[in-house]
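Enquirer: Just a sequence and a predicted model for now, questions to come.
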Amino acid sequence: MKIKLNLIAVATYLLVSVLAVGCGDDTVTPPEPPGRQVDPYAACINFQSMPFALGNVLQSGQVRDIAIVGTVALVATFDEDLLVFDLSTEPPTPLAPVSLDGNPWAIHVDGSRAYVAANGTGLHVLDVATPAAPQLLGTLPVDSGARNVFAAGNTAYVLGRLDELIVCDVSDGANPTVVGRVATNSQAEALTVVGTTVYVADLIAGLSIFDASTPASPALLGNLPTPGSALGVTVDGSVAYVAAGLDGLLRIDVTNPAAPMQTARIDLSGTANDVQLDGPLAYVASGTSGLTIVDRGGEELTLVGSVDTPGTARTFARAGKDLWMADDTGLVRIDVGSPRARTRIGEFDSPGIARAVAVRQRLVFLADGTFGLAIIDAIDPERPFEVGSVGLPGRSVSLYLEGNRLYVTDEVQGLQIVDISEPDAPRILGNAIIGNAQGLAVAENYAFVAAGLAGLVVVDVSSAASPRVTTTIPTPGVARGVHVAGNRAYVADDRDGVAIFDLSNPVSPQLLGTAITIGSARDVEVKGSTMFVAENMSGVATYDVTDPASPQRLDSIATPDAALRVSVGDDPAVVYVAMFERGLQAIDVTDPTNMVLLGAIDTSTLAQDAVLEDELVYVADDRGGLIIVPAHCP
């Protein structure tokens, strides 16, 4: 698969679980969880402190490595030139490249020198006293070339492509020389040096530790096989952290280098290629999952968050709050902010493709594509579990809760009505055939369905066993979503904006007016006189609908990816946007005429829907299932 609640809400869940949500006996009573206590977690997070990709990618080909000197980036690609960029400009400015023999594979900067390991040639030493104009000082040939390098003072440690660690004297940068060498246990990928101890990510051999106190005869001190291929390594005191490929991130006690011992491990999405530390955090380049941030401050390693990148994340370099990721699409700049809190409280891995979510009290209803409907108990949001499910004939795409009924649309079979009075045994009550049924809303005894090219379809649901289509109102565009507020229906009509209907007579809706959108209207919600519209690639827009015959556009704000769904709380200070590949976006709408982008949380795959309830946001994340994240707080 290609990452807080106010605790008062837990008590609230227990109190309201015996109260009716709809009318009369319309009560959903979830089964009791199997003897668990809710663990504490942070009440909320500041989305503005969360890391997010800024979106300006340097299309410089597949990047192998990057090093930053001041405001200049040195970039190793698969070409024979070392690329140079000025990062002080927006976008970064390409400077004159440095021609080198062989393909630059890795870069390490120490003081006023940069050391480049080059495939096919060996070690290049560069003077970077003037970072914008690096000068080649000298080259040390290495049989079959070099894979990686680390330099400290007058010594450079090189990983040769013939599975060896080479110790080099670089006191004379114009004439580097080999002092000693020792075989590694495998195809060594990365290294770091503390004093005269060399820690090597030794691929299938795991972590290998060498003593280089006698440079002419470096020797193996110890080795720890790792569960996955060791691809990256860094050390903090007596603890090493190893990026172990498909087996995530490892923490290893190296107090005794002769007997290193694994003390913690965390599985990560993607392939852990490199790891670097920043205080209590570990940053991991996680292949197709981009950047992953891990809290290493406790006994266990815990996930803080992640940021997707366009391609395969290999390694990275920090410059202030900016992290530059070497990705096979080029360079990606990520604002890492100040992530100090978990961005996920819990998750549930559903078998299908999570397309929509609805929440009441402690129950979560998940539209799971062709797998139908999953009902999930989240009284302990950190450990949600399934209590019931029901198969549906088509591919479920949208949900609406009303009393003891859950209304579900699917693109093939139309509208399904499910009895959820017993969450562990939901059952289908009836259905109405509607082609291309998408969003829906329910008011009184009528369901209003956005039905694509057919427009707005009105269904009499007074008899759940035999719902009946009463009216179809064509709209100019493709009806994607619908929201009912008072006696009005607001239909997100794709490129034709938002159509507003009078529902005084529900079986005969009358068009009042249309809000012309800039982008394609995919979803709509209304609070008071303000309408919030997800406008696909154009972001989110607000409108004043006091006069439905003449809606007035108030503001719009671009989002990093397609805005598919909007979720607005009862006190609409913050709107949450399901943003497809870029996760969950929070927007400050305290002043709907001047919205402010707060930040985003990356999800595992594709954020399709989001619902805010009790200071938690529930995200339907496509193949990532259900993800529960904290709401925003300043």
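Expert: Right, received. Where do you want to start? Everything quoted here is computed from the prediction, not taken from an experiment. Residues are numbered from 1 along each chain as shown.

Enquirer: what does stretch 407-418 rub up against?
Expert: With contact meaning CB atoms under 8 Å, 6 or more residues apart in numbering, stretch 407-418 is reached by 367, 373, 390, 392-401, 405-406, 426-440, 442, 447, 449, 459, 461, 464, 467. C-betas here are computed from N, CA, C, even on glycine.

Enquirer: First-to-last residue distance for that stretch?
Expert: Taking CA to CA, to the nearest Å, stretch 407-418 runs 6 Å from one end to the other.

Enquirer: From the chain's centroid, how far away is that stretch?
Expert: Chain-centre distance of stretch 407-418: 30 Å, with CA atoms, centre = their mean, to the nearest Å.

Enquirer: Give the buried residues for that stretch.
Expert: 407-418 (16 or more other CB atoms under 10 Å).

Enquirer: got it, and stretch 193-206?
Expert: For stretch 193-206, by 16+ other CB under 10 Å, it's 193, 197-203, 205-206.

Enquirer: In TSV: the residues you listed, plus pLDDT and distance to residue 633.
Expert: Below are the buried residues of stretch 193-206 laid out as TSV (pLDDT from 0 to 100; distance: CB to CB, whole Å):
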residue	pLDDT	distance to residue 633
193	98	42
197	98	44
198	98	45
199	98	40
200	98	44
201	98	39
202	97	45
203	96	44
205	97	47
206	97	42
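
Enquirer: Kindly indicate which of those residues lies nearest residue 293.
Expert: Nearest to residue 293 among the buried residues of stretch 193-206 is residue 201, at 20.0 Å by CB to CB.

Enquirer: wait, doesn't the closest one sit right on residue 191?
Expert: Yes - with contact defined as CB atoms under 8 Å, residue 201 counts as touching residue 191 (6.9 Å).

Enquirer: Pull up the overlap in contacts between these two.
Expert: residue 233.

Enquirer: Can you get me a residue count around residue 301?
Expert: Using other CB atoms under 10 Å, residue 301 is surrounded by 21 other residues.

Enquirer: just checking, it touches residue 294?
Expert: Yes - in this structure, residue 301 is within contact of residue 294 by CB under 8 Å, at 5.3 Å.

Enquirer: Residue 95 - nearest residue in space that isn't next to it in sequence?
Expert: In this structure, residue 95 finds its nearest non-sequential neighbour in residue 84, 4.2 Å apart by CB to CB, 6 or more residues apart in numbering.

Enquirer: returning to that earlier point: using CSV, lay out the buried residues of stretch 193-206 together with distance to residue 318 and secondary structure.
Expert: Converted to CSV, those look like this (distance: CB to CB, whole Å; DSSP: H, G, I helix; E, B strand; the rest coil):
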residue, distance to residue 318, secondary structure
193, 19, strand
197, 24, strand
198, 23, strand
199, 20, strand
200, 23, strand
201, 20, strand
202, 25, coil
203, 25, strand
205, 29, coil
206, 27, coil
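
Enquirer: Check those residues against residue 555 and report the nearest one.
Expert: So of the buried residues of stretch 193-206, ranked by how close each gets to residue 555 (CB to CB), first place is residue 201, at 49.3 Å.

Enquirer: Let's test this: mean pLDDT of the host helix or strand of the residue nearest to residue 95, rounded?
Expert: Using DSSP states H and E, residue 84 falls within strand 81-86. Averaging pLDDT along strand 81-86 yields 92.

Enquirer: swap in stretch 95-114?
Expert: On average, stretch 95-114 scores 95.

Enquirer: mind listing the strands for the stretch 1-150 of the chain?
Expert: With DSSP state E, counting those that start in this stretch as the criterion, the stretch 1-150 of the chain has strands at 52-58, 63-69, 72-77, 81-86, 93-99, 103-110, 113-119, 122-127, 135-141, 146-152.

Enquirer: And those: which comes nearest residue 240?
Expert: strand 146-152 (14.1 Å).

Enquirer: what's the following helix or strand after that closest one?
Expert: Immediately after strand 146-152, counting by DSSP H and E, sits strand 155-160.

Enquirer: quick one: buried residues of that following strand?
Expert: 155-160.

Enquirer: Please produce JSON lines containing those, extended by pLDDT.
Expert: JSON lines is the format used below for the buried residues of strand 155-160 (pLDDT from 0 to 100):
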{"residue": "155", "pLDDT": "98"}
{"residue": "156", "pLDDT": "98"}
{"residue": "157", "pLDDT": "98"}
{"residue": "158", "pLDDT": "98"}
{"residue": "159", "pLDDT": "97"}
{"residue": "160", "pLDDT": "95"}
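
Enquirer: Mind putting the residues you listed into JSON lines with distance to residue 485?
Expert: As requested, these are exported to JSON lines (distance: CB to CB, whole Å):
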{"residue": "155", "distance to residue 485": "71"}
{"residue": "156", "distance to residue 485": "68"}
{"residue": "157", "distance to residue 485": "66"}
{"residue": "158", "distance to residue 485": "67"}
{"residue": "159", "distance to residue 485": "64"}
{"residue": "160", "distance to residue 485": "69"}
